[in-house]
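Asks: could you look at this predicted model? Sequence included:
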Amino acid sequence: MITITDLRKVYRQGSREVVALDGVSLSVAKGHIHGIIGHSGAGKSTLVRCLTLLDRPTSGSVAVDGRELAGVSDRELLSARRKIGMVFQHANLFDSRTTAENVAYPLELVGTSKARIQEKVASLLEIVGLTQFAGAYPSQLSGGQKQRVGIARALATDPDVLLCDEPTSALDPKTTDEILALIKDVRDRLQITVLIITHEMGVVKRACDSVSLLEAGKIVEHGPISQVVADIDGRLSHALLPLPGEMPKDLPPGTIMDLLYSGADAVEPVISTLARTFDLDVNVLAGSVEDLGGAQFAHLRIHLPSDADIAAVTAHLTASGIAVSVKEA
Ligand SMILES: Nc1ncnc2c1ncn2[C@@H]1O[C@H](COP(=O)(O)OP(=O)(O)OP(=O)(O)O)[C@@H](O)[C@H]1O
């Protein structure tokens, strides 16, 4: 488990202060995969540097399984760093070392015996599906295979947390899916806690149990995927289950409403019940239906004619557990 409490990082640029992290707090339970999503400049790299102790936070704490990391002395730094295994955007492998030798590297650094290294590397290569490539050099591997080596190397010293910094940003969509499936598989097998820092919502959708939205150094929304997506006015919900930003033109007078609910196989009944109950022509303008966080969600944009009783329709939908947002009168 990793617990980050009120983490602040202030950089000085001459007489100016840049607040890169402004009181970030979050907790990820053992065996969970948590995504931290943010645009450029949100503070993602600073957070990674503070979590890997490459940079000291100005204040706040980072604890892994109850052990404080942020305040350790320089002498304890190496052993503290081993608590968090790091996967980078580019695998950053040694070109002159084979797959097995790259994975062995962190174990050599801590003086592990040759026999133990051999055993550990074999088991890690089996986990990442690269047993046959043990003797291959990075130049002989695909981008996805290199990232697999990077994941095996990150796991070599049995960290409690796997921190993945944009792990798929340099990969094509198919390889991205394979690497995210591998990260989930690693979590299942080792019950390790995973943090994925990303700017891609697709990564959050495919791999994460929960998510935080980082903006200007602050977490502005967070929660399990099924919870954040259900918040119809939430930014994460809009990003996870998008509807077109532009409203259609040339519609007859009336009201546009967005509806959001789980149990998406009920799209037709929701619309036909609404039409029947209120004797209305309901026009579906856009829709998005997806499996998110273990449940099916539907996000629909509908148009109702100008004689519709919007208050009554809203009350009816809300009573059926459907979130409603009126867009345009
Ligand atoms: N060493 C530094 N000195 C001064 N300001 C910095 C330093 N590092 C980062 N910053 C500032 O802190 C803020 C957060 O930057 P950071 O690089 O963490 O964002 P990011 O989300 O990783 O962005 P990107 O995705 O573009 O890498 C930015 O305003 C940046 O200019």
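Replies: Received, thanks.

Asks: now the element after the helix or strand harbouring Ser25, going C-ward?
Replies: Taking DSSP states H and E as the definition, Ser25 sits inside strand 16-28. Using DSSP H and E, the helix or strand that follows strand 16-28 towards the C-terminus is strand 33-37.

Asks: is the ligand within reach of that following strand?
Replies: No - on the criterion CB under 6 Å from any ligand atom, strand 33-37 is out of touch with the ligand, staying 9.5 Å away. Backbone N, C-alpha and C define where each C-beta goes, glycine included.

Asks: what sits against the residue of the stretch 151-300 of the chain found nearest the ligand?
Replies: Nearest to the ligand, among the residues of the stretch 151-300 of the chain, is His199, at 6.0 Å (CB to the nearest ligand atom). His199 makes contacts with 37-40, 44, 166, 169, as judged by CB atoms under 8 Å, 6 or more residues apart in numbering.

Asks: show the buried residues in those.
Replies: 37-38, 44, 166 (16 or more other CB atoms under 10 Å).

Asks: of those, closest to Phe88?
Replies: For the buried ones among the contacts of His199, the closest approach to Phe88 (CB to CB) belongs to Glu166, at 7.8 Å.

Asks: I'd like the distance between the closest one and Val267.
Replies: According to CB to CB, to the nearest Å, Glu166 and Val267 sit 35 Å apart.

Asks: ok, Leu317 next?
Replies: With the distance defined as CB to CB, Leu317 ends up 13 Å from Val267.

Asks: over to Thr168?
Replies: Thr168 sits 31 Å away from Val267, going by CB to CB.

Asks: the more surrounded of those two?
Replies: Thr168 (27 against 17; other CB atoms under 10 Å).

Asks: what about the nearest residue to that one once chain neighbours are set aside, how many residues nearby?
Replies: Spatial nearest neighbour of Thr168, chain neighbours left out: Thr176 (4.1 Å); criterion: CB to CB, 6 or more residues apart in numbering. The local packing of Thr176 (other CB under 10 Å) involves 21 other residues.

Asks: mind listing what's buried along the helix or strand of the chain with the lowest mean pLDDT?
Replies: In the chain, no helix or strand scores lower on mean pLDDT, DSSP states H and E than helix 77-81, which sits at a mean of 78. Within helix 77-81, the residues that count as buried by 16+ other CB under 10 Å are 80-81.

Asks: which ones are touching Leu300?
Replies: 258-260, 267, 270-271, 284, 286-288.

Asks: same thing but at 10 Å, please
Replies: 243, 257-261, 264, 267, 270-271, 282, 284-289, 322 (CB atoms under 10 Å, 6 or more residues apart in numbering).

Asks: what does the stretch 51-200 of the chain put close to the ligand?
Replies: Close to the ligand, as judged by CB under 6 Å from any ligand atom, the stretch 51-200 of the chain has residues His199.

Asks: one more time with 8 Å
Replies: 166, 197, 199 (CB under 8 Å from any ligand atom).

Asks: repeat for the stretch 201-329 of the chain
Replies: Near the ligand, when you scan the stretch 201-329 of the chain using CB under 8 Å from any ligand atom, you find 214, 217.

Asks: where does pLDDT dip in the stretch 201-329 of the chain?
Replies: For the stretch 201-329 of the chain, applying pLDDT under 70 flags the ranges 264-266, 328-329.

Asks: can you map out the strands along it?
Replies: Taking DSSP state E, counting those that start in this stretch, the strands of the stretch 201-329 of the chain run over residues 210-215, 218-224, 254-262, 283-292, 295-305, 323-328.

Asks: check contacts around Ser25.
Replies: Contacts for Ser25 (CB under 10 Å, 6+ apart) come out as 3-7, 60-61, 212, 218-219, 222.

Asks: outline the domain layout of this protein.
Replies: What the TED database lists as the domains of the chain is 2-235, 241-327.

Asks: so what's the gap between the first one and the chain middle?
Replies: Taking the mean C-alpha point of domain 2-235 and that of its whole chain, the gap between them comes to 11 Å (CA atoms, centre = their mean, to the nearest Å).

Asks: skipping adjacent residues, who's closest to Ala134 in space?
Replies: Ala100 (4.3 Å).

Asks: and that neighbour, that's in a strand?
Replies: No - counting by DSSP: H, G, I helix; E, B strand; the rest coil, Ala100 falls outside a strand, being helix.

Asks: so it sits against Leu124, correct?
Replies: Yes - if you go by CB atoms under 10 Å, Ala100 and Leu124 touch, sitting 9.3 Å apart.
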